[in-house]
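In: coords below, sequence missing:
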């Protein structure tokens, strides 16, 4: 895929260009929070840039005003099974802009198009957009449709794909998504018809609140909420075919293959999960059997399961502290990289002990046949063996 862009454009350049563009248009930069939501929030980790701003989208005045921009680190456990492809990461950063009762969707889309084409130099002919086509509750988003038609950008109308969020309660509204062509041929088909169209920016016109019974009521103010994944944008602007090939992963690509010989999907998973675990540890989480600690524990165990599949002697003590330092430095975490590395190594030790005990338990005659739910509960409650680990040991 050739966008004609400068492959030397760094991720830091992307961040600076994005933030300065919107600051010049009256947006105030808010400090991105850690992965941990505020106390009392039922969600384990921050999953999007708008998550910390929910009260202000509901109408509370923000101390910095009505136009905001930020860079927010996020973690999505829902994407764990997708990691290893070219676009998904467990921990990533989200570039975001907001209008809290200020400008409308057309202005947001105009700025977005201008930044992508003039600011980042993307060929407009490589862009395609989707727009909400209307349903039995809300009519089509004609304002967005007209703006894109005026600029000559191809438009695909959808319903479910262009309503955010789909199905849940709370703030919601139609959105318009901007896609970039990544194929080696001239652009063809549409975003829903060809996965070579990669979504890079979503603009949500947040005007409604969905109630428990599914009905929609107007929000106190009409908001705009936009978001685009930093690593995905950087890789595309740098002319790369995968997020793992952007500059942020350069140290990983340099060091990890020399430590462990892995196929490409396994290498991507190991790099992603170790990097994500480092960020989670840097934000103060420690391995545990529940909550955030269990997410961290699951990340580390998935790494070890992959590493030990072909060579059980592999160990995290081989992990260079340089990778920890690079990761914590990028995420601006004030941590000792040696402490982060020690947490990973200690979790590895615990997992080895658990595996040894698990193999001994599962060797008993009682567990030689098919396992039922009672067996899984017993193994978990009595021996601390989670279902996924039991299944892994049985497969081994």
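Out: Perfect, thanks for sending it. Keep in mind that this is a model prediction, so the values were computed, not measured.
In: ranges for the helices of the stretch 101-250 of the chain?
Out: Using DSSP state H, counting those that start in this stretch, the helices of the stretch 101-250 of the chain run over 105-114, 142-150, 230-237, 250-259.
In: export the ones you listed to TSV and tack on distance to residue 136 and mean pLDDT?
Out: (Glycine included, C-beta is placed from N, CA and C.) Listed next are the helices of the stretch 101-250 of the chain as TSV, based on distance: least, C-beta to C-beta, whole Å; pLDDT from 0 to 100:
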stretch	distance to residue 136	mean pLDDT
helix 105-114	21	98
helix 142-150	17	97
helix 230-237	33	94
helix 250-259	48	96
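In: out of those helices, nearest to residue 217?
Out: helix 105-114 (19.3 Å; C-beta to C-beta).
In: tell me what angle the closest one forms with helix 142-150.
Out: In terms of direction (axes from the mean of the first three to the mean of the last three C-alpha atoms, to 10 degrees), helix 105-114 departs from helix 142-150 by 30 degrees.
In: packing partners for helix 105-114?
Out: In terms of contacts (3 or more C-beta pairs under 8 Å, 6 or more residues apart in numbering; DSSP states H and E), helix 105-114 is packed against strand 91-100, helix 142-150, strand 170-181, strand 197-210, strand 216-229.
In: that one: how far from the chain's middle?
Out: What separates the centre of helix 105-114 from the centre of its chain is 23 Å, taken as C-alpha atoms, centre = their mean, to the nearest Å.
In: and residue 338, what element?
Out: Assigned by DSSP states H and E, residue 338 falls within helix 337-362.
In: in that helix, what's buried?
Out: 337, 340-341, 343-344, 347-348, 351, 354-355, 358, 361-362 (16 or more other C-beta atoms under 10 Å).
In: stretch 317-325 now?
Out: So for stretch 317-325, counting by 16+ other C-beta under 10 Å, buried means 319-320, 323-325.
In: could you dump the residues you listed into a markdown table with distance to residue 285 and secondary structure added?
Out: Shown next, in a markdown table, are the buried residues of stretch 317-325 (distance: C-beta to C-beta, whole Å; DSSP: H, G, I helix; E, B strand; the rest coil):
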| residue | distance to residue 285 | secondary structure |
| --- | --- | --- |
| 319 | 18 | coil |
| 320 | 22 | coil |
| 323 | 19 | helix |
| 324 | 15 | helix |
| 325 | 19 | helix |
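In: Throw those into JSON lines and include pLDDT and distance to residue 114, thanks.
Out: Shown next, in JSON lines, are the buried residues of stretch 317-325 (pLDDT from 0 to 100; distance: C-beta to C-beta, whole Å):
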{"residue": "319", "pLDDT": "95", "distance to residue 114": "43"}
{"residue": "320", "pLDDT": "96", "distance to residue 114": "42"}
{"residue": "323", "pLDDT": "97", "distance to residue 114": "37"}
{"residue": "324", "pLDDT": "97", "distance to residue 114": "39"}
{"residue": "325", "pLDDT": "97", "distance to residue 114": "37"}
